[in-house]
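**Student:** From the sequence below, what's the structure:
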Amino acid sequence: MQTINIHEAKTHLSRLVEEAAKGNVFIIAKAGKPMVKVSPLSEDELIEAGRLGFMSGEILVPDDFNSLEAEEITRLFEGKSL
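**Tutor:** Predicted coordinates for the structure are as follows:
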């Protein structure tokens with residue numbers, strides 16, 4: 001298993017990620033001390049990672065979401081009562 005120093009890993013990250021995705025596992029070391037092992041995701045991990053955004057189109061966020069109850073929130077922060 002190949003060991004790569006952290007500086008080289010930062011410099012060649014794209015290439016190393018491609019290599020890991022092909023199954024070429026390697027270790028990243030800092031000052032010669034092994035820190036992490038980089039390996040490809042399993043099929044189950046790929047499915048789980050693909051869940052990001054799984055509810056896209058299922059939830060409606062109003063256009064004025066960022067300003068909902070803005071006056072009330074301002075009033076509360078300023079310590080003003082009704």
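
**Student:** and for the helix-or-strand element of the chain with minimal mean pLDDT, what are the contacting residues?
**Tutor:** When each helix and strand of the chain is scored by mean pLDDT, DSSP states H and E, helix 43-49 comes last, with a mean of 76. Outside helix 43-49, the residues that touch it by C-beta atoms under 8 Å, 6 or more residues apart in numbering are residue 41. The way it works is simple: take the backbone N, C-alpha and C, and place the C-beta from them, glycine included.

**Student:** C-alpha coordinates for the following helix or strand past that helix, CSV please?
**Tutor:** From helix 43-49 onward toward the C-terminus, using DSSP states H and E, the following helix or strand is helix 70-77. The C-alpha trace of helix 70-77 is given here as CSV (Å, rounded to 0.1, in the frame of the first residue of the first chain):
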residue,chain,number,x,y,z
ALA,A,70,-39.1,39.8,10.8
GLU,A,71,-40.9,42.6,12.6
GLU,A,72,-41.8,40.3,15.6
ILE,A,73,-38.2,39.0,15.8
THR,A,74,-36.8,42.6,15.8
ARG,A,75,-39.3,43.6,18.4
LEU,A,76,-38.3,40.8,20.7
PHE,A,77,-34.6,41.5,20.3
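
**Student:** buried residues in the least confident helix or strand of the chain?
**Tutor:** The neighbour-count check on helix 43-49 (16 or more other C-beta atoms under 10 Å) flags nothing as buried.

**Student:** how many other residues sit next to residue 16?
**Tutor:** 19 (other C-beta atoms under 10 Å).

**Student:** So it, which state does it fall into?
**Tutor:** Under the three-state scheme (DSSP: H, G, I helix; E, B strand; the rest coil), residue 16 adopts helix.
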